[in-house]
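Engineer: sequence plus predicted model, see below.
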Amino acid sequence: MDEKNLKSKRPTFVERWGRAEELSAYLGVTLYGLIAFLIVLLVILFKLSTKPKEIYYIPSVTQAGIAYPTRIDKAVVASFASNWLLDRNNFTPHTVKETYSRAMRYMAPELLSRTRAALEDEVSRIVRDNISSLFSLSKEPETLEQNAQDYKIALTGEKTLYMGKERLDSRLLRYTITLKRTAPIEANPYGLVIEGVKQEEAEKK
């Protein structure tokens, strides 16, 4: 094959330019498609990460359930209030700071601002006087009021105070706890906070 035929088979500059443009267009379409796919993937991941998730809970020993982000069952509210009160009222001088810290975490900002100083004074007195508290519910929680944003739960139980090993007092108390709906967060997936607590002595039957 002579040199003239070889030259005729080599692609010309125009042909090479055309192929380069075709390749560039193909790569451009591929790049835009990849970018669009990544954007869609990021949107899906964002929605999945911010979507409220169902909450599995155990309101009693013999019953389990599931709470959905769009609604809260009465049993969930009662369980939340019961757990908060039991944790709040069972402490020793060694655990009271951690106990009260957990309780404050689930209190509404308005309630916390009104009671923070009194709670801190109470912690100091408990540690100083070596006070312990035991509390147990004596009856099932009672729902007093419920609407779209607020709940009122009545809890009755026996609270016993000790100074060291000496028993100081034992009373049957009734607590009326007001709860408010709030945006669920990782530390509080229930989306509930304690808005008010009323304590009064209950009549023994």
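Structural biologist: Okay, I see it. Numbers count the residues shown, from 1 in each chain.

Engineer: the nearest residue to residue 105 once chain neighbours are set aside: neighbouring residues, count only.
Structural biologist: Leaving aside its chain neighbours, residue 105 sits nearest to residue 187 (6.9 Å; criterion: C-beta to C-beta, 6 or more residues apart in numbering). Where you see a C-beta, it was placed from the backbone N, CA and C, and this is true even at glycine. Counted with other C-beta atoms under 10 Å, residues neighbouring residue 187 total 7.

Engineer: phi, psi for residue 187 please.
Structural biologist: Here is the backbone geometry of residue 187 (degrees, to the nearest 10): phi -80, psi -20.

Engineer: just the helices in this protein please.
Structural biologist: Under the criterion DSSP state H, the chain contains helices at 3-9, 13-50, 74-89, 96-105, 109-129.

Engineer: out of those helices, which comes closest to residue 138?
Structural biologist: Nearest to residue 138 among the helices of the chain is helix 74-89 (12.0 Å), distances taken as C-beta to C-beta.

Engineer: list the buried ones in the closest one?
Structural biologist: Residues 75-82, 84-85, 87-89 are the ones in helix 74-89 that count as buried (16 or more other C-beta atoms under 10 Å).

Engineer: tell me where the model's unsure across this protein.
Structural biologist: 1-21, 48-71, 148, 205 (pLDDT under 70).

Engineer: from the buried residues of helix 74-89, which is closest to residue 122?
Structural biologist: For these, the nearest to residue 122 is residue 88 (11.0 Å; C-beta to C-beta).

Engineer: leaving out chain neighbours, which residue sits closest to the closest one?
Structural biologist: residue 103 (4.4 Å).

Engineer: thought residue 86 was touching the one you found, still the case?
Structural biologist: No: using C-beta atoms under 8 Å, residue 103 is not in contact with residue 86, being 10.6 Å away.

Engineer: now for residue 176: which residues touch it?
Structural biologist: 144, 152, 153, 154, 196, 197, 198, 200 (C-beta atoms under 8 Å, 6 or more residues apart in numbering).

Engineer: got it, and residue 163?
Structural biologist: 129, 130, 131, 132.

Engineer: please apply the same query to residue 203.
Structural biologist: Applying C-beta under 8 Å, 6+ apart to residue 203 gives the contacts residue 172.

Engineer: how near is it to residue 137?
Structural biologist: According to C-beta to C-beta, to the nearest Å, residue 203 and residue 137 sit 16 Å apart.

Engineer: which strand residues bridge the residue nearest to residue 137 when sequence neighbours are not counted?
Structural biologist: The shortest distance from residue 137 to any non-neighbouring residue, by C-beta to C-beta, 6+ apart, is to residue 157 (4.2 Å). Beta bridges link residue 157 to residue 137, residue 173, judged by DSSP bridges.
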